[in-house]
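Enquirer: Turn this into a model:
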Amino acid sequence: KDGQPVWTIVVAATDIQDGSRKYRIERGVVCDFYTGDIVAYGVSMRHSPRWSRDRLWLLDSGTEYLGDLDIPSGRVEQVAFFQGSRGGPEFTDHYAIVGILNSRHKQALGGPPLEDHLTREGASRRCGRTVVDLKTGDLVHSVTVGGIVEELYDILMLLGVQRPIALGSKTDDTRRVISI
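Expert: Now for the predicted structure:
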């Protein structure tokens, strides 16, 4: 918040070895960074906390939701459902731009409740980017990436940049464009 750490996420409040794996769905907590006080219990694999629009936003890898935390009550309001693990998000105006990862759940997080939720929603995993209207929770735009790409993790907005380029580290373009 305001450029300073304020909260931290714990995957599972447990004191047993590998307890974070066993209890990752129901025992996650959000803590005050400075005091260690728990401000929310029972969150499911929350990560990538971001402060925007006077709210703490959390991505839920257990149920595939973006939600905002009401800090006084400790309750998380689910805002939008995604078809894969999320990365980012970045915020602009009343929109969130969220990365969608396909493969991460297959290896680490698959099974209930994730698979049950995807089945109920008639959805399958995918990889790409999604834009969410935070006023309505609607997914207003998305880009799906296929082929061998299964993970595009983080989001970074380049304000004022009109024609960005991404260079691979193993291409000839890198030698011609980057100089040190």
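
Enquirer: Which parts of this structure are strands?
Expert: Listed in chain order, the strands of the chain (DSSP state E) span 7-10, 28-32, 38-43, 46-52, 55-60, 65-70, 75-81, 85-92, 95-101, 128-133, 139-144.

Enquirer: could these go into JSON lines alongside distance to Thr119?
Expert: Placement of C-beta: from N, CA and C, glycine included. Shown next, in JSON lines, are the strands of the chain (distance: least, C-beta to C-beta, whole Å):
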{"stretch": "strand 7-10", "distance to Thr119": "27"}
{"stretch": "strand 28-32", "distance to Thr119": "23"}
{"stretch": "strand 38-43", "distance to Thr119": "22"}
{"stretch": "strand 46-52", "distance to Thr119": "22"}
{"stretch": "strand 55-60", "distance to Thr119": "17"}
{"stretch": "strand 65-70", "distance to Thr119": "16"}
{"stretch": "strand 75-81", "distance to Thr119": "13"}
{"stretch": "strand 85-92", "distance to Thr119": "17"}
{"stretch": "strand 95-101", "distance to Thr119": "18"}
{"stretch": "strand 128-133", "distance to Thr119": "20"}
{"stretch": "strand 139-144", "distance to Thr119": "19"}
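
Enquirer: Can I get those in TSV including distance to Ser20, mean pLDDT and mean neighbour count?
Expert: Output for these, formatted as TSV (distance: least, C-beta to C-beta, whole Å; pLDDT from 0 to 100; neighbours: other C-beta atoms under 10 Å):
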stretch	distance to Ser20	mean pLDDT	mean neighbour count
strand 7-10	8	84	16
strand 28-32	9	87	19
strand 38-43	13	83	17
strand 46-52	12	78	18
strand 55-60	16	85	22
strand 65-70	20	87	20
strand 75-81	19	87	17
strand 85-92	16	79	21
strand 95-101	19	86	22
strand 128-133	27	90	20
strand 139-144	30	90	12
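
Enquirer: mind checking which of those strands is nearest Val161?
Expert: Proximity to Val161 (C-beta to C-beta) singles out strand 85-92 among these, at 13.5 Å.

Enquirer: circling back to that earlier point, for Leu118, find the nearest of the strands of the chain.
Expert: Short answer: strand 75-81, nearest of the strands of the chain by C-beta to C-beta, at 9.3 Å.

Enquirer: This completes my enquiry, with thanks.
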